[in-house]
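**Q** got a predicted model here, sequence first, then my questions.
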Amino acid sequence: MTTNHYYDRDVVSIRDFTRDELEFLFNFTDKISNFSRTERSELGKGRTLGSIYYEPSTRTRMSFEAAISSIGGSSIGITDPKSSSIEKGESLSDTVRIMDLYSDVLVLRHPLDGSGRFASELSTNPVINAGSGSEEHPTQAMLDLYTIYKEKGKIDGLRIGIIGDLKYGRTIYSLVYGLANYNVDIRLISPPTLSIRKESIYGMERKLKIHEYSELPEDILSTLDVIYVTRIQRERFPDIQEYEKVKGTYTIDQTTLDKSKTDVSIMHPLPRLDEISHSIDSTNNATYFRQAANGKEIRAALLALITNEDLV
Amino acid sequence: MTTNHYYDRDVVSIRDFTRDELEFLFNFTDKISNFSRTERSELGKGRTLGSIYYEPSTRTRMSFEAAISSIGGSSIGITDPKSSSIEKGESLSDTVRIMDLYSDVLVLRHPLDGSGRFASELSTNPVINAGSGSEEHPTQAMLDLYTIYKEKGKIDGLRIGIIGDLKYGRTIYSLVYGLANYNVDIRLISPPTLSIRKESIYGMERKLKIHEYSELPEDILSTLDVIYVTRIQRERFPDIQEYEKVKGTYTIDQTTLDKSKTDVSIMHPLPRLDEISHSIDSTNNATYFRQAANGKEIRAALLALITNEDLV
Amino acid sequence: MTTNHYYDRDVVSIRDFTRDELEFLFNFTDKISNFSRTERSELGKGRTLGSIYYEPSTRTRMSFEAAISSIGGSSIGITDPKSSSIEKGESLSDTVRIMDLYSDVLVLRHPLDGSGRFASELSTNPVINAGSGSEEHPTQAMLDLYTIYKEKGKIDGLRIGIIGDLKYGRTIYSLVYGLANYNVDIRLISPPTLSIRKESIYGMERKLKIHEYSELPEDILSTLDVIYVTRIQRERFPDIQEYEKVKGTYTIDQTTLDKSKTDVSIMHPLPRLDEISHSIDSTNNATYFRQAANGKEIRAALLALITNEDLV
């Protein structure tokens, strides 16, 4: 692929991107990561990122702001769902339309499924979905895939464990959709009440090997190349006792590493609570901080490609 | 007018600007709207906009931030009246003086009449009033006049309806003051409890033709060139029932358009609730999104002229 | 000193800096204050400042943002301790590590003593302590010393009164630590319940002449070169009546000036309440606004030196 297929394009779902397109993005990210500060600051010079967060976000928001800043652009936005216009009762469509007028590319986070698509249809500028509803968070999937690709040198042929709350985290669904471009073997580990929603991965089993467990057998653990851990989100539980019961069950610590492949990569979208012990932070297996750093890089690459026609 | 009369100047009231000065601004706005991104980013390079919002604002704030960013500057500010210093009991004068030290141009929104003038007297750098008290919002008036000028090719000779809550909205008063520079015929339509405050437009009737209605007669509707609609602001009503009674009365929809001039321009300062039906958004009469876009452009032009002596 | 000893260095405590290093900073600040806007914007071009405020701040935050902006950089940050990640229970160490990945220099404010040092050990990029616990606020001390140096042409040999709440304000402790590099005579004036904590200035009396008063004798007042006034912080008092009793006692007004040296410099870290009368704002003795302006300048110099190896 020699042309920039990202220019002026919406990023609503990871499912809209082919394997070739994803790998083009990974290679472009590698490339600009080696740019000097000055070279890099030319990529998105003068572009304005307009953000609208209907749900609070720190990690994703900081990462996008650092990304646009690193390529020479700037950012404006509504970062608090209690902002004036939204409080005054303005509709999502008006808020999107106006931000569209003020910026070159939009970033939207919204609790409803389909909100990203809706916004992309209203907006003349490209829209990046920074998390909508329970399934889509495409830039998170991009950075997760990029991290696996960078850490392992490939994605095909890997065995990947995904552990924790698999029901409520949109990160997980986007990751599974992204992995469906590759020949991978997925092992899902969750308490039965938090297992993955079947209807949301309908069709994926044709492309992916997927097995589910409520507890991970040691003979499987010892074969995993990647363990992707997610936070058990207290705010998703109606019952606090139910939360207390499961929160400690799926913890990664030195004992886990001892039973795993020497080079297993432990990943986490962050923020974490106690599902990964701080005691393994300094091991080379701890991939989550490099993963967060990749988040800034992949978003910088994406913003550059989307807003700059001249890039190849 | 060949020199920049805006350089280092306060923008406290629309009444401080002559017709010539306003038209100079309109022409300069037209000019920079055709600039390339790079040309434009030189206009306010390195300038810092310092904002102080004692009342929440999304629309105006985003618009100023996008504007300064588009001309190469950056922005800092207190965007939440519950900010630390204000909560700690710091006086308006100290807050203004300090922000004056940190920035090249100040933007102030404050609930009290006269606060913009007060700030401009304390500050060594120019102050832009982004809404003070119940009468002044000069940059809103500038963008409204610019919108009429752009849509109609002129302002003189037009018949302009202004509809909704005319008592509490400072937008309306600033617009009327601005229109007083032109030969226009104004029709005010509001429920009697929300009619315009006579003392605030004292003297205007010498310059403007003004008629008031509680409901708009169809033979007048059919002659309007512009219908300027305002939100009925729930937060201004002491009594919620009073609000419910009037909120739906002054709604613009396809039926309104059917009875109007083919090229009538529907304007609104936004955000809107249900006073303009979404069903007319795609008509060419719907001017409010173009109007919002003009807000960014006119503020970019204004900030450039105020902070850059070299512009003509 | 001809090399930049600040490059890539943490600023955790004023006690980590020698007199030579401080004066190097003062001279560099003088130098860049005379730079053109364009020259200045090259100093920190493309640098991103990442802020984390676990306590609210307006003054310090605005000052850092204006500083980085004036040297050509940009800023991102968590400015509200109720931000998403912190609310979700993320540890200080994870928050610091992630912000470290997103920015070139970190600014941290945190209520706990030692938090600045802790962050500097975790972070690969330099950390600036913007206030930690009850003792350390090194950039405030730098700007205070720089202000004295600029106003008086020297620091050695001066007699400096410090008045107000000396128990709870970290500003005071950092100032005293910084003054210990000089040959000065310090007079501390506070109500007995708000006197300086002896354990926190342990060892200082070997370097500094320090005397304490609960009320300032006129024959001492008439000999002070600088009066540094601090706010009596209501939020620190468990008992509102105790607050009301002392708040008015230590007020500086024209009567104070009449009894002081003609060229006495009145300083205050701001925001102020009524401990300095607005009636003296226009006297040349009122140094506090120049002091606030110095805050932006010294932070701009510091950020430039820390992030730019090429500066001398």
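**A** Received it, and whenever you're ready, just let me know what you need. Residues are numbered from 1 along each chain as shown, chains lettered A, B, ... in the order given.
**Q** A:Tyr149: neighbouring residues, count only.
**A** 19 (other C-beta atoms under 10 Å in any protein chain shown). (Each C-beta comes from the backbone N, C-alpha and C, glycine too.)
**Q** part of a strand, is it?
**A** No. Using DSSP: H, G, I helix; E, B strand; the rest coil, the assignment for A:Tyr149 is helix, not a strand.
**Q** is it correct that it is in contact with A:Leu143?
**A** No. Judged on C-beta atoms under 8 Å, A:Tyr149 makes no contact with A:Leu143 at a distance of 10.4 Å.
**Q** pLDDT-wise, which helix or strand of chain A ranks last?
**A** Here the helix or strand of chain A ranked lowest by mean pLDDT, DSSP states H and E is helix A:84-87, holding a mean of 76.
**Q** alpha carbons of that helix, as CSV, please.
**A** C-alpha atoms of helix A:84-87 as CSV (Å, rounded to 0.1, in the frame of the first residue of the first chain):
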residue,chain,number,x,y,z
SER,A,84,-22.3,24.2,30.0
SER,A,85,-23.8,23.4,26.6
ILE,A,86,-24.5,19.7,27.4
GLU,A,87,-26.0,20.8,30.7
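**Q** burial count for the residue of the stretch 201-312 of chain A found nearest chain C?
**A** For the stretch 201-312 of chain A, the residue positioned closest to chain C under C-beta to the nearest C-beta is A:Pro271, at a distance of 3.7 Å. By other C-beta under 10 Å, 20 other residues sit near A:Pro271.
**Q** residues from the stretch 101-250 of chain A in reach of chain B?
**A** Proximity of the stretch 101-250 of chain A to chain B, by C-beta under 8 Å from any C-beta of the partner chain, involves residues A:101-103.
**Q** hmm, back to that, contacts only, for the residue of the stretch 201-312 of chain A closest to chain C.
**A** Neighbouring residues of A:Pro271 by C-beta atoms under 8 Å, 6 or more residues apart in numbering or on different chains: A:58-59, A:231, C:85, C:88-90, C:94-95.
**Q** one more: A:Thr58?
**A** A:Thr58 makes contact with A:271, C:78, C:83-86, according to C-beta under 8 Å, 6+ apart.
**Q** and the contacts of stretch A:242-260?
**A** Residues outside stretch A:242-260 that contact it (C-beta under 8 Å, 6+ apart) are A:163-164, A:189-191, A:193-194, A:218, A:221-222, A:224, A:227, A:229, A:232, A:234, A:237, A:264, A:266, A:273-277, A:279-280, A:283, A:285.
**Q** and A:Asp20, how far from A:Tyr146?
**A** Counting by C-beta to C-beta, to the nearest Å, the gap from A:Asp20 to A:Tyr146 is 15 Å.
**Q** likewise for A:His5?
**A** A:His5 is 17 Å from A:Tyr146, by C-beta to C-beta.
**Q** is chain B contacted by the longest helix along chain A?
**A** The single longest helix within chain A, with elements called by DSSP state H, is helix A:288-307. No. Using C-beta under 8 Å from any C-beta, helix A:288-307 stays clear of chain B, with a minimum separation of 10.2 Å.
**Q** just the mean pLDDT for that helix, thanks.
**A** Mean pLDDT, computed over helix A:288-307, is 98.
**Q** helices or strands up against it?
**A** Here helix A:288-307 touches helix A:19-33, helix A:59-70, strand A:105-110, strand A:127-132, helix A:138-152, strand A:265-267, helix C:92-102, going by 3 or more C-beta pairs under 8 Å, 6 or more residues apart in numbering or on different chains; DSSP states H and E.
**Q** report whether the shortest one contacts chain C.
**A** It refers to strand A:265-267. No. Using C-beta under 8 Å from any C-beta, strand A:265-267 stays clear of chain C, coming no nearer than 14.2 Å.
**Q** go ahead and name everything in contact with that strand.
**A** A:144, A:147-148, A:151-152, A:225-229, A:252, A:257, A:276, A:280, A:285-288, A:291.
**Q** pull up the residues of the stretch 1-150 of chain A that are close to chain C.
**A** When proximity is defined by C-beta under 8 Å from any C-beta, the stretch 1-150 of chain A lies next to chain C at A:37-38, A:40-41, A:56-59, A:62-63, A:65-66, A:69-70, A:72, A:74.
**Q** where is pLDDT lowest across those?
**A** Ranked by pLDDT, these bottom out at A:Pro56 (85).
**Q** so what's the residue count around the residue nearest to it when sequence neighbours are not counted?
**A** Spatial nearest neighbour of A:Pro56, chain neighbours left out: C:Ser84 (4.0 Å); criterion: C-beta to C-beta, 6 or more residues apart in numbering or on different chains. Residues within reach of C:Ser84, counting by other C-beta under 10 Å, total 19.
**Q** A:Thr251 too?
**A** Residues near A:Thr251, counting by other C-beta under 10 Å: 16.
**Q** mind checking pLDDT for it?
**A** On the pLDDT scale, A:Thr251 gets 88.
**Q** more neighbours: which of A:His5 and A:Tyr146?
**A** Using other C-beta under 10 Å, the more surrounded residue of A:His5 and A:Tyr146 is A:Tyr146, with 24 against 14.
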